[in-house]
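Chemist: The sequence and its predicted three-dimensional model are supplied below.
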Amino acid sequence: MTSYVTMHLHNPSAGKEALLAEWFSGPHREAVQRLRGFVSLERFERTTEQIMPDIAQPWQFATVYDFELSRPEIDIPALGPVLADARDLALVRADGTERIWSYQMYSGWRYSANRREGPMSHIMYLPANVVPGREAEYHAWYDDVHRLEVTETPGFVGMRRGRLLEVQVEPRSFCPGSQIILAGLQTDRLGEVQEEFKARSLGNSKSGVKHGPRSTSASAARTVHLFKHIG
């Protein structure tokens with residue numbers, strides 16, 4: 001079996017936020033649990049604080065679905081009719097912002113010593129890209145260097161990565177990143193975590209820890225989105 005993640009990024013229809021939450025925790029969760037290979041469903045909401053505040057944040061909510069599958073071409077699309085129920089009930093805003101993107105993951109969560117018992121308090125989601133022809137360098141930098149820089153920052157606890165699938169949930173939409181990076185956090189002091197992360201990246205952290213230069217194998221064509229766990 002191989003691990004797959006589907007990201008559902010969306011906004012509630014006006015005045016329907018409570019109804020959408022009820023739908024997710026009730027009928028939707030029951031329907032998703034009947035899908036083959038289902039592992040988990042977690043909901044997140046956009047935070048006010050963002051690592052890169054100048055980047056557009058078009059989605060209020062992100063739902064992360066985990067599956068273990070041997071035939072993704074059959075089972076990944078099966079999520080489509082289940083998510084269509086939210087549109088049929090007019091719970092999701094019909095303004096073209098909804099996105100559903102599925103990925104094959106390279107591994108499960110890889111944790112640092114920062115991790116403690118309990119769920120993630122936040123996730124950082126990056127649709128990212130590799131400079132063509134430099135895939136091996138990109139993966140080595142992420143696995144051996146940048147993953148450690150990120151997950152050893154206080155408040156960050158783990159990372160997992162994957163690649164965009166050819167098979168996608170309908171309705172399909174263009175995805176700006178061929179790669180997915182998910183970074184997990186456990187903190188109730190998000191602002192302090194962000195400041196320390198930035199300080200290490202810029203080389204002026206009081207801890208004396210400095211992140212190395214970003215690999216040129218990692219394309220600058222990426223966005224960063226921070227969400228807090230809500231259930």
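Modeler: Received the coordinates, thanks.
Chemist: Which positions in the lengthiest helix in the chain come out as buried?
Modeler: As assigned by DSSP state H, the longest helix anywhere in the chain is helix 190-202. Neighbour counts over helix 190-202 (16 or more other CB atoms under 10 Å) mark 190, 193-194, 196-197, 199-201 as buried. Any C-beta I mention is one placed from the backbone N, CA and C, and that applies to glycine too.
Chemist: cool, stretch 163-170 as well?
Modeler: 164-165, 168-169.
Chemist: For the residue nearest the centre of the chain, which non-adjacent residue is closest in space?
Modeler: Geometric centre of the chain, nearest residue: Tyr125, 3.6 Å, by CA atoms, centre = their mean. Nearest non-adjacent residue to Tyr125, counting by CB to CB, 6 or more residues apart in numbering: His225, 4.6 Å away.
Chemist: what's the burial count for that neighbour?
Modeler: By the criterion of other CB atoms under 10 Å, His225 has 23 neighbours.
Chemist: Do I have it right that it meets Gln57?
Modeler: Yes - His225 is in contact with Gln57 according to CB atoms under 8 Å; the separation is 6.2 Å.
Chemist: Give me the below-cutoff pLDDT ranges for this structure.
Modeler: For the chain, applying pLDDT under 70 flags no range at all.
Chemist: show me where it has strands.
Modeler: Counting by DSSP state E, the chain has strands at residues 2-10, 38-46, 61-69, 99-105, 110-111, 122-128, 156-164, 179-185, 225-229.
Chemist: now those strands as a markdown table including distance to Pro81?
Modeler: Listed next are these as a markdown table, based on distance: least, CB to CB, whole Å:
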| stretch | distance to Pro81 |
| --- | --- |
| strand 2-10 | 13 |
| strand 38-46 | 14 |
| strand 61-69 | 14 |
| strand 99-105 | 12 |
| strand 110-111 | 33 |
| strand 122-128 | 25 |
| strand 156-164 | 22 |
| strand 179-185 | 23 |
| strand 225-229 | 25 |
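Chemist: Tell me which of those strands sits most buried.
Modeler: Among these, the stretch with the highest mean neighbour count (mean count of other CB atoms under 10 Å) is strand 179-185, at a mean of 23.
Chemist: Packing partners of it?
Modeler: For strand 179-185, the packing partners by 3 or more CB pairs under 8 Å, 6 or more residues apart in numbering; DSSP states H and E come out as strand 2-10, strand 99-105, strand 122-128, strand 156-164.
Chemist: Thank you kindly, that will do.
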